[in-house]
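Visitor: Here is my input; please provide its structure:
(one chain, ligands or ions: 1)
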Amino acid sequence: MTIEVRNLVKKFGSFAALDGVDLKVDNGELLALLGPSGSGKTTLLRIIAGLDWPDSGEVSFNGEDALAQGARERHVGFVFQHYALFRHMTVFENVAFGLRVQPRAVRRDEATIRARVKDLLDLVQLDWLADRYPSQLSGGQRQRIALARALAIEPRILLLDEPFGALDAKVRKELRKWLRSLHHEINVTSIFVTHDQEEALEVANRVVVMDKGRIEQIGSPNEVYESPATAFVHGFIGESIELPVHVADGVVRLGSRPLGLAVDGLASGASRLFVRRHDMQVGPAGSGAFEGAVQHVRNFGPVQRAEVALFGGETIEIDAPRDKELRAGDRIGLEPRRYRIFAGG
Ligand SMILES: Nc1ncnc2c1ncn2[C@@H]1O[C@H](COP(=O)(O)OP(=O)(O)OP(=O)(O)O)[C@@H](O)[C@H]1O
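Guide: Down below sits the predicted model:
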């Protein structure tokens, strides 16, 4: 099933939660909607599901107008952050629910329902929990059951809204891997909402980065990480240093200091320079585009994270390899291995 969204606008009062969104989702894709709180992710998902309606714009499934259909007719499976499983029903009955309430004409017989539920519980690898009640499950198990339940009706599209949002970091990581392999197995067109960049980049085959009701960039995880299209995407994805610079006649300055960085075709004026923390190469004082004094150093994992007060007033954090140990008070030079400059202050 393909999904196409065209020029979608949704307003709450005078506030545009979606401000002209265009999006195409290919059949069988696992797409992540990534953006800060309030960027419109949930609103977009709810409109695709048929739980909410836009003020203008189009949504089609396989070329057919989805907005003409109610939520039920769209055959969409939905998993929320807090999915309310029925507390008084066993896991088995929760998963069976959608099948039991189907209209009589299409409802399957009891043996077929039981076989299907068993298959779904196998699929989410929780068949051994069939007789338990939701209160006897962990959060991660509950979300897997919620997914089995959403899949029971054989949805044409699967929509997941922060499905792992309420779980702790370790369980989230496990479930990410699990979701990716599950999707590989069932291959149903899926969109999941997250504000966690690591989750989006690890799970999805394409990532849609949203801000303020608009799409900033759509691309593979590698594309949005390596070639951010806008200052917002650079600042949001990966850990970036952002510095206010000024471009005049092809010369980039931080305060009055010329940085010796090349700019191609960038208009003169206030601009923003972005460098990933690990792309700042440390050298002796007097070398490199920047100079500064180390303020604090924290060591964790393969890197040392150093706070550096640049001469010129800005303080930045860099991630340096641990082969040359940095100490508070060191004067160092810094040269960005890679950087991007975006026009505008
Ligand atoms: N029913 C509503 N009435 C008024 N404003 C709303 C309503 N629903 C959403 N909004 C506003 O629309 C904007 C987008 O909300 P939405 O829930 O889509 O964001 P989100 O990106 O999913 O955020 P989060 O990650 O916090 O869930 C927000 O500013 C929100 O306050």
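Visitor: Please make it C-alpha for all contacts and neighbour counts, starting now.
Guide: Will do.
Visitor: Pull up the distance across stretch 130-143, start to finish.
Guide: Using C-alpha to C-alpha, to the nearest Å, one end of stretch 130-143 lies 14 Å from the other.
Visitor: Please list the residues of the stretch 1-150 of the chain that sit near the ligand.
Guide: Residues of the stretch 1-150 of the chain lying close to the ligand by C-alpha under 6 Å from any ligand atom are 12, 17, 36, 37, 38, 39, 40, 41, 42, 43.
Visitor: Between all of those, which two are separated the most?
Guide: 12 and 36 (18.3 Å; C-alpha to C-alpha).
Visitor: So between those two, which is more surrounded?
Guide: When residue 12 and residue 36 are compared for neighbours, residue 36 comes out ahead with 16 against 9, by other C-alpha atoms under 10 Å.
Visitor: hang on, that one packs against residue 209?
Guide: No. Counting by C-alpha atoms under 8 Å, residue 36 stays clear of residue 209, with 9.1 Å between them.
Visitor: re earlier: which members of the residues of the stretch 1-150 of the chain next to the ligand are classed as buried?
Guide: 17, 36, 39, 40, 41, 42, 43 (16 or more other C-alpha atoms under 10 Å).
Visitor: May I ask which helix or strand encompasses the first one?
Guide: What that stands for is residue 17. Using DSSP states H and E, residue 17 maps to strand 15-25.
Visitor: The helix or strand following that strand pairs with which strands, parallel or anti?
Guide: The first helix or strand that comes after strand 15-25 along the chain, using DSSP H and E, is strand 30-34. Strands that pair with strand 30-34, judged by DSSP bridges, come out as strand 189-194 (parallel), strand 206-211 (parallel).
Visitor: ok, is the first one in contact with the ligand or not?
Guide: No. Applying C-alpha under 6 Å from any ligand atom, one finds strand 189-194 separated from the ligand by no less than 6.9 Å.
Visitor: can you give me the angle that strand makes with strand 15-25?
Guide: Here strand 189-194 runs at an angle of 140 degrees relative to strand 15-25 (axes from the mean of the first three to the mean of the last three C-alpha atoms, to 10 degrees).
Visitor: From the chain's centroid, how far away is strand 189-194?
Guide: Taking C-alpha atoms, centre = their mean, to the nearest Å, the mean C-alpha location of strand 189-194 is offset from the chain mean by 9 Å.
Visitor: Pairing partners for the closest residue in space to residue 261 that isn't next to it in sequence in the sheet, please.
Guide: Once flanking residues are discounted, residue 261 sits nearest to residue 252: 6.3 Å by C-alpha to C-alpha, 6 or more residues apart in numbering. For residue 252, the beta-bridge partners under DSSP bridges are residue 247.
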